[in-house]
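Q: Everything below, folded, please.
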Amino acid sequence: MAALDTNVLVRWLTDDDATQSAVVVNLLATTANNDERLFVPVTVMLEIEWVLRSRYRFDKLSVTVALDALLCVTELEFQTEPAVEQALWLFKQAGAPDFADCLHVALVSQAARRPLLTFDDRASRLEGAQLLNG
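A: Sure thing, here's the model as predicted:
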């Protein structure tokens, strides 16, 4: 099973390069026809959120819609998918910290290694995180 880099999925999500977008569409179709899946590392999901927000200026709602859409693509297999889903759910909550903090908490929760100790006040408000006083 091959894995995908951030730029491949961002190209497909944003369709900002027609030639490269078409390559991704063809890759997904071939993958589906061969009854295969492509692997998406958790770090790619983290970077996708960052790229969409910082480079493409997506607002939070647009980012969450894009990440939700990726999770629905049956040709993709996500590393630690339950943690990614949990992080996305946390990120959608009002007043949530950034997606990275939500993903950190979700990953430590899935690994049964709570709490995530942090100096970040906003992140510490997440269930599974704890403010480290210093």
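
Q: Any buried residues in the biggest helix by length in the chain, and which?
A: Scanning the chain for the longest helix, with DSSP state H as the assignment, gives helix 18-33. Using 16 or more other CB atoms under 10 Å as the test for burial, helix 18-33 gives 21, 24, 27-28, 31. No exception for glycine: its C-beta is placed from N, CA and C like everyone else's.

Q: Going by distance to residue 80, which of the residues you listed wins?
A: residue 31 (20.6 Å; CB to CB).

Q: That closest one reaches residue 73, doesn't it?
A: No. Counting by CB atoms under 8 Å, residue 31 does not reach residue 73; the two are 9.7 Å apart.

Q: any idea whether the residue positioned nearest the centre of the chain is helix, strand or coil?
A: Centroid check for the chain by CA atoms, centre = their mean gives residue 45 as the closest residue, at 3.1 Å. The local conformation at residue 45, judged by DSSP: H, G, I helix; E, B strand; the rest coil, is helix.
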